[in-house]
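In: this one's sequence-less:
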């Protein structure tokens, strides 16, 4: 895929913090002038009916599928569970130009105990996504992930990175294992992936229509430790439509110098 040619996206979301970015990615794709078609794949289509999407977006949200103006752009695909093989999955990817995948979670059990009961799906889901992309010859995947994986504390030289690293070693070990296994699947593939390593994503931070990338090793320009889920989603959609980072990861945050609260 060459820059500015993406017109059809597949967007996947689940439940929980990182997965909430996927719901917002639907809106980010709808507002993007280059996107003509969006196929949404999820276990939880009913989550779009909620007015509050665990975010600080002014006025809350309405289900974009209920807006007649979006009818020609949106398709919904409900699956039962990523824990089972979805044999017809590839047909929903046919004709797409890129994928925005938000199936991960960092703190299962804290707010969504069902994620512990049912099992995390970043690995199980994305493994099937990769297969579907390969079958339909889609190359570009922009995937939600996290800071502090694999013990990393250099890509974001912020004190909160150490806190997340500690959580991954203790309370959130299952989430760490799930996200790292997911990344390994993309690394083993031939796909043009981008892992988006979010800093803190706030439930009350108002979107500012901007995002900032962390330049590796530049401690004097550390990105802010919190940002709106909608702004993360916009970065992901922008990178799906106009790819500039290939087979790598990028940490995104709010304006350098911003406090954790934004």
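Out: Right, received. Where do you want to start? No experiment lies behind these values; they were computed from the predicted model shown.
In: now the helices: where do they sit in the stretch 1-150 of the chain?
Out: Taking DSSP state H, counting those that start in this stretch to define them, one finds helices in the stretch 1-150 of the chain at 17-31, 114-118, 122-136.
In: give me the beta-bridge partners of residue 37?
Out: Beta bridges link residue 37 to residue 8 when assigned by DSSP bridges.
In: so where's this structure uncertain?
Out: Scanning the chain for pLDDT under 70 picks out the ranges 1-6, 216-220, 261-262.
In: Which parts of it are strands?
Out: Shown for the chain, the strands assigned by DSSP state E span residues 8-13, 37-42, 74-78, 98-102, 140-146, 192-198, 200-202, 212-213, 226-228, 248-253.
In: Let's have those in a markdown table, adding distance to residue 52 and mean neighbour count.
Out: C-beta here means a position set from N, CA and C on the backbone, and glycine is covered the same way. Below are the strands of the chain laid out as a markdown table (distance: least, Cβ to Cβ, whole Å; neighbours: other Cβ atoms under 10 Å):
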| stretch | distance to residue 52 | mean neighbour count |
| --- | --- | --- |
| strand 8-13 | 16 | 27 |
| strand 37-42 | 18 | 23 |
| strand 74-78 | 20 | 15 |
| strand 98-102 | 18 | 29 |
| strand 140-146 | 20 | 26 |
| strand 192-198 | 20 | 23 |
| strand 200-202 | 13 | 22 |
| strand 212-213 | 26 | 18 |
| strand 226-228 | 14 | 24 |
| strand 248-253 | 23 | 20 |
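In: Need the ones you listed in JSON lines (columns: distance to residue 58).
Out: Formatted as JSON lines, the strands of the chain follow (distance: least, Cβ to Cβ, whole Å):
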{"stretch": "strand 8-13", "distance to residue 58": "21"}
{"stretch": "strand 37-42", "distance to residue 58": "23"}
{"stretch": "strand 74-78", "distance to residue 58": "23"}
{"stretch": "strand 98-102", "distance to residue 58": "22"}
{"stretch": "strand 140-146", "distance to residue 58": "23"}
{"stretch": "strand 192-198", "distance to residue 58": "21"}
{"stretch": "strand 200-202", "distance to residue 58": "14"}
{"stretch": "strand 212-213", "distance to residue 58": "21"}
{"stretch": "strand 226-228", "distance to residue 58": "11"}
{"stretch": "strand 248-253", "distance to residue 58": "21"}
